[in-house]
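1. Return atomic coordinates for the entry below.
(one chain, ligands or ions: 2)
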Amino acid sequence: MPLPKAELHLHIEGTLEPELAFALAARNGVELPYADTDALRTAYEFTDLQSFLDLYYGLMAVLRTEDDFADLADAYLARAAAQGVRHAEIFFDPQAHLARGVAMETVVAGLGRALDRSEAVHGVSTQLIMCFLRDESAASALETLETAKPYLAPQGPIVGVGLDSAEVGHPPAKFREVYEAAAALGLRRVAHAGEEGPPAYITEALDVLGAERIDHGLRCVEDPELVARLVRDRVPLTLCPLSNVRLRAVDVLAEHPLPAMLDAGLLCTVNSDDPAYFGGYAGDNFDAVRVALGLSPERLRELARNSFLAAFLEHDEDRRSRYLAEVEAYEFP
Ligand code: HPA
Ligand SMILES: [Zn+2]
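-> Numbers count the residues shown, from 1 in each chain. Ligands and ions are numbered 1, 2, ... in the order given. Below is the predicted model:
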């Protein structure tokens, strides 16, 4: 039995496995510029975030109908459950679909269908977080929030907003207004920061956007004052170790700063980001850091505990307590 954990940094579009991409392409009459799944996999030679994003946005062309989004989410939830994920807070990129003529209703209804039955079918509780593309305009983000209004919690599945895509040159402050509007609507706030961008972007995400968790946040280690603040305020970081290797944020996994970050007292979590592209789901990321960094069972338990402490479960503290009890009771093989 795998260690129970929450997944807090997962882009649903990044769970599109080559086999499903080809199946959906056939179903929708979409031509892919790859001969087969092997040819597609060999294209996964990323040199940085942008080279990944180019392929990732291109492959989304196969996602067209409500069924496509339901099948995508269902496949992810099955894989996540098999790796011990008990709770998932799932990102999606509405602008990437709206720009292709796919309606918000199609995306959210499809994802929502899979999420609604996830607990019964997979034993995984879920929430949805809508990310704004930071290389698009602030006006576009505001328009997207407006379009999403019928789908926001409590009547809909969207509980929060996030910020993703090309980081450098798009500092968080660009999105001050839309984050203020999101807060006024009662939405939770997270933001990618400090993946490729400088530590100052992390500070700005906290100060200007009111981010409650930082996605990645890896480069905080370059700023001791920022680390002290993140420790003091218990700001969760959603780290994605296999992603960091594939996008060259770190050279090799054995040099990942995760152990030092835990030693410093940071509230680190381990997540998969875009598992179909980066070589593994949540449990694979845990296994990879255990092997490469020699993490002890108690360190792994700390990471699992952190994932539930950092989850947006304030509306259901009984559930959080049950999950935390599962972590404490877990017996490592
Ligand atoms: O790791 C990421 N960083 C920024 N944007 C993204 N969109 C999907 N994955 C990522
Ligand atoms: Zn991400």
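2. what about residue 91, which SS state?
-> Here residue 91 is strand, with the state taken from DSSP: H, G, I helix; E, B strand; the rest coil.
3. these two touch, right, it and residue 7?
-> No - using CB atoms under 8 Å, residue 91 is not in contact with residue 7, being 10.4 Å away. Every residue, glycine included, has its C-beta placed from N, CA and C.
4. Whichever residue of the chain sits closest to ligand 1 bridge partners, please.
-> Minimum separation of the chain from ligand 1 (CB to the nearest ligand atom) falls at residue 164, amounting to 3.6 Å. On the basis of DSSP bridges, residue 164 is bridged to residue 133.
5. Residue 230 touches residue 237, doesn't it?
-> Yes - with contacts counted by CB under 8 Å, residue 230 reaches residue 237, the gap being 7.1 Å.
6. do you know how far residue 213 is from residue 22?
-> 35 Å (CB to CB, to the nearest Å).
7. Of the two, which one has the most company?
-> Each of residue 213 and residue 22 has its neighbours counted (other CB atoms under 10 Å); residue 213 has more, 25 against 17.
8. residue contacts, the more buried one?
-> 8, 190, 235, 236, 237, 238, 310 (CB atoms under 8 Å, 6 or more residues apart in numbering).
9. Could you give the average pLDDT over the host helix or strand of residue 78?
-> Following DSSP states H and E, one finds residue 78 within helix 66-82. In this model, helix 66-82 carries a mean pLDDT of 98.
10. Could you do stretch 150-164 as well?
-> According to the model, stretch 150-164 has a mean pLDDT of 98.
11. Please spell out which residues along it are buried.
-> Buried residues in stretch 150-164, counted by 16 or more other CB atoms under 10 Å: 151, 152, 153, 157, 158, 159, 160, 161, 162, 163, 164.
12. Please apply the same query to stretch 45-57.
-> For stretch 45-57, by 16+ other CB under 10 Å, it's 46, 49, 52, 53, 56, 57.
13. What lies in contact with it?
-> Counting by CB under 8 Å, 6+ apart, 13-14, 43-44, 96, 165-167, 195-196, 246-248, 274, 277 sit against stretch 45-57.
14. Done for today, thanks.
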